[in-house]
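Student: Kindly generate the corresponding structure for this input.
(chains A and B)
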Amino acid sequence: MRQGRRRGELAVVAVCAVLGFLLAVQLKSVKRNSEGADTATTLRLETLQELYNDELNRSAGLEAQLAQVQSELDLYRAEAAQENGYHDALKAEVDKLELLSGMVDVEGPGVTVVMRDSTAANVTGDEADYLIHDSDLLSVINELRAAGAEAISLNGERILGISEIRCTGAVVTVNGRRYAAPYIIMAVGDKDTLYSALTMRSGVVDVLGQWKIDVTVTMNDKLLIPKYSGAVEFRYAAPALAEDAGTEGEAG
Amino acid sequence: MLELIGLAVGLLAGWLVPVYVPAQWSLYVAAGLLAALDSALGGYRARVAGEFRLNIFLSGAAGNAAIAAFLTWLGQKLGIPLYLAAVVVFGTRMFQNFAEIRRELLTLKQKKDKIENMAPPTDGTPQ
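Tutor: Okay, the predicted model is just below:
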């Protein structure tokens, strides 16, 4: 009987020890988890964090791959340039095409346009009237192109012939990346022409100014416009061959 | 007294061991925790009342924890917080056990006093 009592006591003590252990671990974990929010949110946060990390890793891997491929390309070009004059001509052609396609950093004189959302009191009741839209950015960029801009970037993202500028909620997507206000547009070209084109009466700055959207245009003697950081891949378009040229007129 | 020492040892071990409960297991541990708390109090009450039986105690401790965990799991599958059943039952029993322990201890003391002083009872049965 004495033995039984002893064992019973031990059992209760063991359960007490388990209780204490669980209590301490749980308190610790709850304290750590609740630094962010409640359990459900923490769970979601953990999942999202995991997904984000995966994407980041993938993106880093792809960028490294791109850099490697581009360095290989440079190597081939350097080799080709060494050979003879024919290759020199080809290289000059490649350089020109790179400039045209936005695959190389560009510098030169031009203008910088900074656009900020309107600070005016909301009298129409529609908040959207006072924000910068993709169409506003497009009209500025279109005006710059009309005035002979040779290279344009939006918030550091090079605008290519195939670039999109599109509203995605409160931000704007350019080349698949999202950018928020303030928008800084840089354009290389004849700075006086560019400046006048934007600031002329009833011009794009004038119109946006009526909504109190803050647009400042400044002339710069030297602007650096970065190259497009991604890679362009044509999956459908291919150069037309000579025998296909006949159908061009019909399609047009 | 030994129970308190066991509790302290458990707390210390849990605090020092670098183990963390992932957020998705948090509910299960909480349910298990309640089951353990219920078992500990129940066991202590049974020992004070002198009706402690080891096999009943152990099967109750393990079984209650298992049912609590199962209810939590089922609740998550069904989308109803079924673990609340465990919370309510264990919570209620905790109060009952505590009340019984309290009465048992107080009665014990009064009985002892009575035997020692041979004093006549001043009122009815002690509450």
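Student: show me where the chain has helices.
Tutor: Going with chain A. Counting by DSSP state H, chain A has helices at residues A:2-33, A:39-83, A:85-101, A:134-146, A:191-199, A:204-210, A:248-251.
Student: other chain: chain B
Tutor: For chain B, helices defined by DSSP H occupy the ranges B:2-16, B:26-49, B:54-78, B:83-117.
Student: Adding distance to chain A and mean neighbour count, write the ones you listed out as TSV.
Tutor: To be clear about C-beta, it is placed using only N, CA and C from the backbone, and glycine gets the same treatment. Shown next, in TSV, are the helices of chain B (distance: least, CB to the nearest CB, whole Å; neighbours: other CB atoms under 10 Å in any protein chain shown):
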stretch	distance to chain A	mean neighbour count
helix B:2-16	2	16
helix B:26-49	4	22
helix B:54-78	5	16
helix B:83-117	12	14
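Student: Dump those into TSV; add mean pLDDT as well.
Tutor: Below are the helices of chain B laid out as TSV (pLDDT from 0 to 100):
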stretch	mean pLDDT
helix B:2-16	86
helix B:26-49	86
helix B:54-78	88
helix B:83-117	84
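Student: any weak-confidence spans in chain A?
Tutor: A:1-5, A:33-39, A:83-85, A:242-252 (pLDDT under 70).
Student: Show me which residues of it sit near chain B.
Tutor: Counting by CB under 8 Å from any CB of the partner chain, chain A comes close to chain B at A:4-5, A:7-9, A:11-26, A:28-30, A:32-33, A:39, A:42-43, A:46.
Student: could the helices of chain B go into a markdown table alongside distance to residue A:115?
Tutor: Output for these, formatted as a markdown table (distance: least, CB to CB, whole Å):
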| stretch | distance to residue A:115 |
| --- | --- |
| helix B:2-16 | 56 |
| helix B:26-49 | 47 |
| helix B:54-78 | 49 |
| helix B:83-117 | 54 |
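Student: Residue A:66 is nearest to which of those?
Tutor: Nearest to residue A:66, of all these, is helix B:26-49, at 42.3 Å by CB to CB.
Student: mind listing what residue A:21 touches?
Tutor: B:10, B:11, B:13, B:14 (CB atoms under 8 Å, 6 or more residues apart in numbering or on different chains).
Student: now do residue B:111
Tutor: Residue B:111 makes contact with no residue, according to CB under 8 Å, 6+ apart.
Student: Then residue A:95?
Tutor: residue A:104.
Student: same check, this time on residue A:150
Tutor: Residue A:150 sits next to A:106, A:108, A:188, A:189 when contact means CB under 8 Å, 6+ apart.
Student: Out of those residues, who's the most crowded?
Tutor: residue A:188 (23 neighbours; other CB atoms under 10 Å in any protein chain shown).
Student: what sits opposite that one in the beta ladder?
Tutor: On the basis of DSSP bridges, residue A:188 is bridged to residue A:110, residue A:151.
Student: go on, residue A:225?
Tutor: Listed by DSSP bridges, the beta-bridge partners for residue A:225 are residue A:106.
Student: from memory it sits against residue A:111, does it?
Tutor: No - when contacts are counted by CB atoms under 8 Å, residue A:225 is not listed as touching residue A:111 (11.7 Å).
Student: For those two, list the residues in contact with both.
Tutor: residue A:186.
Student: These two: who's more crowded?
Tutor: residue A:111 (27 against 22).
Student: Which residues lie in contact with residue B:4 in this structure?
Tutor: Per CB under 8 Å, 6+ apart, neighbours of residue B:4: residue A:16.
Student: hmm, 10 Å instead?
Tutor: A:13, A:16, A:20 (CB atoms under 10 Å, 6 or more residues apart in numbering or on different chains).
Student: Then residue B:93?
Tutor: Contacts of residue B:93 (CB under 10 Å, 6+ apart): B:34, B:37, B:38, B:39, B:41, B:42, B:45, B:64.
Student: Which among the residues of chain A next to chain B count as buried?
Tutor: Listed as buried from these are A:8-9, A:11-26, A:28-30, A:33, A:42-43; burial here means 16 or more other CB atoms under 10 Å in any protein chain shown.
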